[in-house]
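# fold the following and give me the result.
(chains A and B)
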Amino acid sequence: GQQVMQIPQYQHVQEGEDFTTYCNSSTTLSNIQWYKQRPGGHPVFLIQLVKSGEVKKQKRLTFQFGEAKKNSSLHITATQTTDVGTYFCAGLGIPGTYKYIFGTGTRLKVLA
Amino acid sequence: DGGITQSPKYLFRKEGQNVTLSCEQNLNHDAMYWYRQDPGQGLRLIYYSQIVNDFQKGDIAEGYSVSREKKESFPLTVTSAQKNPTAFYLCASSTRTSPATNEKLFFGSGTQLSVL
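Residues are numbered from 1 along each chain as shown, chains lettered A, B, ... in the order given. This next block holds a predicted model:
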C-alpha cells in the first residue's frame, strides 16, 4: 500500500540552529499538507502545497513540494523553543477518496 | 465555540471487552476520520466517512468498527478482536470540498486507550 516516510525520526537542535524534515511518498501525491503536534496535543494544520515544485513560506518556515510530487520538505530557520513538537506531512494519494495518509513524523527538540 | 470533541480523554479496557470512543463535531463538516497514533509510527488511518451513513476502511481497520448515523457524530468501537489496542486515538473532520485537494483536517484532542 501507499507509504509516506519522514526523516529524520528525531532531531535535537540548539536554539537558533536551522532544522529540516523530509517527506517521501512511495506514490505520486495530489497534494501535500504539513501539520504540527505539540507535546501532549493534537495535530494542527500548517500549510498545503498542490503544484509541482511549489514553495511556500510562513515566517521562519519554508515548505517545498518536489517536482515529481513524491517528496516534500519543511525547513525552519533559526529555531526557537516554541518550534518544539512533531511535524507530520500528509498526502492525498488517490484523488477523490478524501483518504489522507500521514507520514511517520519528525520529533523536534530545541535546546535553549 | 466550534470544534471537535473527543471523550473520554483516558479510557481503560479489560480483556475481552468492547469500548467505544466518542467523537462529536459542530463544524458542519461532511467528512470524518479516525486515526491511531503509536510512538514512532505517526498517524495511521482506521476508518473514514465522507458522508452520513457511509464509511470506508482505512489501512488498519481490523478489530475496529464505526457508525455514521448523524453528521455530527462518528463513534469508534474498539472490539475484543483488536489485540493491541493501547494507543492514542485521534478523530478529525474536514469540509469535503471539491476537489479533495482543498481539504484540511481539524483534529480533536484525542483519547488515550490503555489495556488493564
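
# what are the buried residues along stretch A:11-31?
Of the residues in stretch A:11-31, A:Q11, A:F19, A:T21, A:Y22, A:C23, A:N24, A:S25, A:L29, A:S30, A:N31 count as buried by neighbour count, 16 or more other CB atoms under 10 Å in any protein chain shown. (Glycine included, C-beta is placed from N, CA and C.)

# pick out the most distant pair among those.
Greatest spatial distance in the buried residues of stretch A:11-31: A:Q11 and A:S30, 27.8 Å, computed using CB to CB.

# what does the lowest-mean-pLDDT helix or strand in chain A rub up against?
None of the helices or strands of chain A scores lower by mean pLDDT, DSSP states H and E than strand A:100-102, at a mean of 88. Contact partners of strand A:100-102, identified using CB atoms under 8 Å, 6 or more residues apart in numbering or on different chains, comprise A:2-4, A:25, A:33, A:35, A:88-93, B:33, B:35, B:42-45, B:59, B:103, B:105.

# okay, and which of these map to strands?
A:4, A:25, A:33, A:35, A:88-92, B:33, B:35, B:43-45 (DSSP state E).

# quick one: least confident of the residues you listed?
The lowest pLDDT within these belongs to A:L92, with 80.

# before we move on, the earlier item: let's see if you can find the most crowded of the ones in strands among the contacts of strand A:100-102.
A:C89 (32 neighbours; other CB atoms under 10 Å in any protein chain shown).
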